[in-house]
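K.L.:
Have a look at this prediction, sequence included:
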Amino acid sequence: MPASLSNTTTPLKVHRNIYPNSFRVISSICEVNMKRYILHLIFTLMVCTPLLAAEPLGTPDPDDMILYDDEENTELEVELGKMLFFDTRLSVNGQQSCATCHNPDLGFSDGMAKGVGTKNNPLGRNTPHIYNMAWSSVLMWDGREPTLEQQALGPIASGQEMMLPLDELERRLNAVAGYRRLFKQAYDVDKITRDEIARAIAAFERTIVIDDTPFDRYLAGDTQAMSQDAIKGLALFKGKGNCTQCHDGPNFTDDSFHSLGIKDNDPGRAAITGDKQFLGAFKTPGLRNTELTAPYMHDGSLTSLMDVVKFYNQGGGGAKHTSNLVKPLNLTAKEERQLVAFLKSLTQPFEVDVPKIP
């Protein structure tokens, strides 16, 4: 099976899987009875046919957000989570916060090809943005975390990133009277635990929402919201560019995994599943505010949106594990520019006031 196949199960969205079309149908039905033949045929059709067409592009619906216990976050939770997001106490040496790598001024990324840990040690992948993660049921480049709450603790405890054991995280925050008071107000707990810490950070991250771009206003009926080049780029995005095979839905991601053929030694999703069919496959990133999140790809190897479009136009990186969805597009130079114009129409300024840390 190709590397683009996803076996991730989510409660809200069925991933479109791409199945091989090379199954053999029994060459001579005289060798089997009709019942077996019919069952075999049904199975073949089920396996060889994509489960779902591309989800229509649109504006994200707040009602579709994935919430902790299906409960809306309170303003206090959000403010508490913002404090934690900017607090360098969450790293072992006090040198790095969540916002160090997910900098609001850099598209909630860090502007570098690959991230660095709290001891200035190099990391292996580009820092992904965190826009509209409230709708995602699979997180990180390799999809190893299923919820925002679990994702929030991962980098803190990672031996390569913030390097702070979670026991020490709890001890540090419990030693701060201001945090004890705020956690008591938000969660009615006398002792701060990692569970409440994760919930608070995730509550803040759910507010990082892009849903009022020129594209959204165009969809809502404002025909002047997008330039003519962007409108033509939208048609290319859905048509000749074949972009919606992966970048579909309101957040422009199928939440699945595909290999673009980048030639490096990163196993991608395969390291999580242990399945070679996922070799070199990475999560499809959402495209809202993508103009602000350069450089691009899991390895940060492409520096501009035009570089990205040209990469796809040539048919990807050419590695053996390239998804069968990635093929040369035969776009003209003008069409490349129009696609970039459309991608830039997905941009919306998003500012965050740095909170006072207890």
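P.N.:
That came through fine.
K.L.:
Report the separation between the closest residue to Asn126 other than its chain neighbours and Gly124.
P.N.:
Spatial nearest neighbour of Asn126, excluding adjacent residues (C-beta to C-beta, 6 or more residues apart in numbering): Gly300 at 3.8 Å. Where you see a C-beta, it was placed from the backbone N, CA and C, and this is true even at glycine. As judged by C-beta to C-beta, to the nearest Å, Gly300 and Gly124 stand 10 Å apart.
K.L.:
so where's the stretch 51-200 of the chain shaky on pLDDT?
P.N.:
Counting by pLDDT under 70, the stretch 51-200 of the chain has low-confidence residues at 51-53.
K.L.:
again, only this time at 50
P.N.:
51 (pLDDT under 50).
K.L.:
ok, which stretches of the stretch 151-300 of the chain are helices?
P.N.:
For the stretch 151-300 of the chain, helices defined by DSSP state H, counting those that start in this stretch occupy the ranges 166-174, 177-187, 194-205, 214-219, 228-238, 270-273.
K.L.:
residue contacts, the residue nearest to Asn126?
P.N.:
Applying C-beta atoms under 8 Å, 6 or more residues apart in numbering to Gly300 gives the contacts 112-114, 125-126.
K.L.:
quick one: which of the helices of the stretch 151-300 of the chain is nearest His102?
P.N.:
helix 194-205 (8.8 Å; C-beta to C-beta).
K.L.:
before we move on, back to that, list residues touching both of Gly300 and Gly124?
P.N.:
By C-beta under 8 Å, 6+ apart, the residues touching both Gly300 and Gly124 are Lys114.
K.L.:
Domain map for this structure?
P.N.:
If you go by automatic domain parsing, the domain ranges for the chain are 62-205, 214-344.
K.L.:
Let me have the ones you listed in CSV, extended by distance to Pro56.
P.N.:
Converted to CSV, those look like this (distance: least, C-beta to C-beta, whole Å):
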stretch, distance to Pro56
domain 62-205, 13
domain 214-344, 7
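K.L.:
And these: which comes nearest Ile357?
P.N.:
When those are compared (using C-beta to C-beta), the closest one is domain 62-205, at 5.1 Å.
K.L.:
measure the closest one end to end?
P.N.:
14 Å (C-alpha to C-alpha, to the nearest Å).
K.L.:
thinking again about what came up before, can you say which of the domains of the chain is nearest to Val354?
P.N.:
Smallest distance to Val354 across those (C-beta to C-beta): 5.7 Å, for domain 62-205.
K.L.:
Enumerate every residue touching the residue nearest in space to the middle of the chain.
P.N.:
By C-alpha atoms, centre = their mean, the chain has its centre lying nearest to Pro285, at 4.1 Å. Taking C-beta under 8 Å, 6+ apart, we find Pro285 in contact with 128-129, 253.
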